[in-house]
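# Everything below, folded, please.
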Amino acid sequence: MSDLRLERLVKRYGSLAAVDGISLAVDEGSFLSLVGPSGCGKTTVLRMVAGLIEPDGGRILVGGDDLTDVAVHKRNLGLVFQSYALFPHMTVAQNVAFGLQRRGVPKAEIGQLVRKALQMVRLEGLAERAPRQLSGGQQQRTALARALVVEPRLLLLDEPFSNLDALLRDEMRIEIKRLQQEVGITTLFVTHDQGEALGMADQVAVMNRGRLEQVAPPRTLYRAPTSAFVAHFIGRANLLRGRVAGRDGEDLVVALASGATVRARGAVAGEACQVVLRQESVRLAAAPDAAANSLAATVVVASFAGATAQYLLRLADGAELHAQVPGARADLAPGTAVFAEWDAADTTVVPDAA
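Got it, this is the predicted structure:
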């Protein structure tokens with residue numbers, strides 16, 4: 001298998017830079033998720049790697065080979081589209097065999113390779129079915145088998161779960177990650193879903209307005225975002241605007257816009273900042289805890305969802321705070337006065353984007 005390197009990749013549409021000088025490395029055999037809001041440029045990056053869109057600048061290297069100007073059919077990359085793009089007049093086996101036939105693989109070998117690919121995706125009993133006779137998950141696995149049977153240098157996945165229902169989507173995430181690990185193929189996965197990106201990838205690259213905001217392992221990205229955009233987009237964190245007022249041991253003391261002070265962790269000093277506080281780190285109490293950050297609040301909205309419950313809180317200065325607590329302790333009605341509490345270790349501080 002091969003690694004993937006993007007060097008200062010650019011794509012413009014008129015005056016708009018859809019991709020604005022991106023440099024990115026995907027190690028051999030690893031899984032990288034490219035995530036961001038609609039219009040951020042993530043699908044444009046994938047299509048340039050695939051050869052479907054010509055870049056206006058920069059280079060695309062796979063295994064050290066420069067593929068920037070190589071025709072799409074000569075790149076030997078496996079691509080699974082959002083729509084799966086199966087041929088409706090062909091059987092499952094014929095769809096999987098298509099790429100092998102185009103590459104001139106001897107007919108005697110094709111049957112064996114197709115059977116192996118279908119076994120890999122657990123479709124060995126459905127070889128003679130037409131795509132219309134398959135479920136959404138089976139169609140997706142057929143498209144995946146077609147991509148993998150040619151032993152591509154890279155696997156490119158373009159929003160492959162968007163047409164599946166929630167339960168099947170969860171199952172297919174595990175299935176594709178299992179296959180990727182078994183085959184050991186370098187994979188670039190494009191999605192707008194933060195949960196998919198975090199749950200499947202070895203590394204996550206967050207894009208915004210054609211540029212990379214942060215590239216990091218999932219846990220690092222979630223626990224230590226480097227910008228307010230990443231903090232809010234990945235996990236929808238609470239952001240409390242303030243200014244660093246000093247230090248208390250290893251903690252920063254942050255004076256909030258409301259006048260209250262809280263302790264947080266981070267490296268920002270002497271400047272405007274935002275405290276990043278994850279919803280699940282907020283505890284709700286009837287009385288303040290002197291050992292923790294504690295702000296008076298009122299429950300505005302309570303939403304029970306079984307295992308968890310979501311609360312929208314209004315602080316004394318009118319600012320809002322979201323809290324996620326275990327569903328077994330979800331018994332607070334709107335209008336209840338509480339204290340929103342959290343530990344400094346559960347926060348990080350980023351520069352104020354305003």
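
# how far out from the middle of the chain is the longest helix along the chain?
Identified as the longest helix of the chain according to DSSP state H is helix 166-183. Put simply, helix 166-183 sits 15 Å off its chain's centre (C-alpha atoms, centre = their mean, to the nearest Å).

# Tell me which helix or strand comes right after the helix or strand containing Ala197.
Ala197 belongs to helix 194-200 when assigned by DSSP states H and E. For helix 194-200, the succeeding helix or strand toward the C-terminus, using DSSP H and E, is strand 203-208.

# Which elements pack onto the longest helix of the chain?
helix 107-120, helix 136-148, helix 194-200 (3 or more C-beta pairs under 8 Å, 6 or more residues apart in numbering; DSSP states H and E). Where C-beta positions appear, they are placed from N, C-alpha and C, glycine not excepted.

# Output it as CSV, restricted to C-alpha atoms.
Extracted C-alpha coordinates of helix 166-183, given in CSV (Å, rounded to 0.1, in the frame of the first residue of the first chain):
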residue,chain,number,x,y,z
ALA,A,166,-29.1,5.4,11.4
LEU,A,167,-28.9,1.8,12.5
LEU,A,168,-27.4,0.5,9.3
ARG,A,169,-25.0,3.5,9.2
ASP,A,170,-23.6,2.4,12.6
GLU,A,171,-23.1,-1.1,11.4
MET,A,172,-21.4,-0.1,8.2
ARG,A,173,-19.0,2.2,10.0
ILE,A,174,-17.7,-0.8,11.9
GLU,A,175,-17.7,-3.0,8.8
ILE,A,176,-15.6,-0.6,6.8
LYS,A,177,-13.2,0.1,9.6
ARG,A,178,-12.8,-3.7,10.0
LEU,A,179,-12.1,-4.1,6.4
GLN,A,180,-9.6,-1.2,6.2
GLN,A,181,-7.7,-2.7,9.1
GLU,A,182,-7.6,-6.2,7.7
VAL,A,183,-6.5,-5.0,4.2
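
# what angle do the helix or strand following that helix and strand 203-208 make?
Note on helix 166-183: by DSSP H and E, the next helix or strand toward the C-terminus is strand 187-191. Going by axes from the mean of the first three to the mean of the last three C-alpha atoms, to 10 degrees, strand 187-191 is angled at 40 degrees with respect to strand 203-208.

# What residues sit buried inside strand 187-191?
The neighbour-count check on strand 187-191 (16 or more other C-beta atoms under 10 Å) flags 187-191 as buried.

# looking only at pLDDT, what's the mean for it?
The average pLDDT within strand 187-191 is 95.

# Determine which two of the buried residues of strand 187-191 are furthest apart.
Thr187 and Thr191 (12.0 Å; C-beta to C-beta).

# Quickly list what's touching both of the two.
Residues touching both Thr187 and Thr191 by C-beta atoms under 8 Å, 6 or more residues apart in numbering: none at all.

# still on that earlier bit, point out the other helices and strands that the helix holding Ala197 packs with.
For helix 194-200, the packing partners by 3+ C-beta pairs under 8 Å, 6+ apart are strand 31-35, helix 166-183, strand 187-191, helix 218-223.

# For the spatially most central residue of the chain, list the residues it contacts.
By C-alpha atoms, centre = their mean, the chain has its centre lying nearest to Ala197, at 2.4 Å. Contact analysis of Ala197 by C-beta under 8 Å, 6+ apart lists 33, 35, 189, 191, 204, 218, 234.

# Let's see that with 6 Å instead.
Counting by C-beta atoms under 6 Å, 6 or more residues apart in numbering, Ala197 makes contact with 33, 35, 191, 204.
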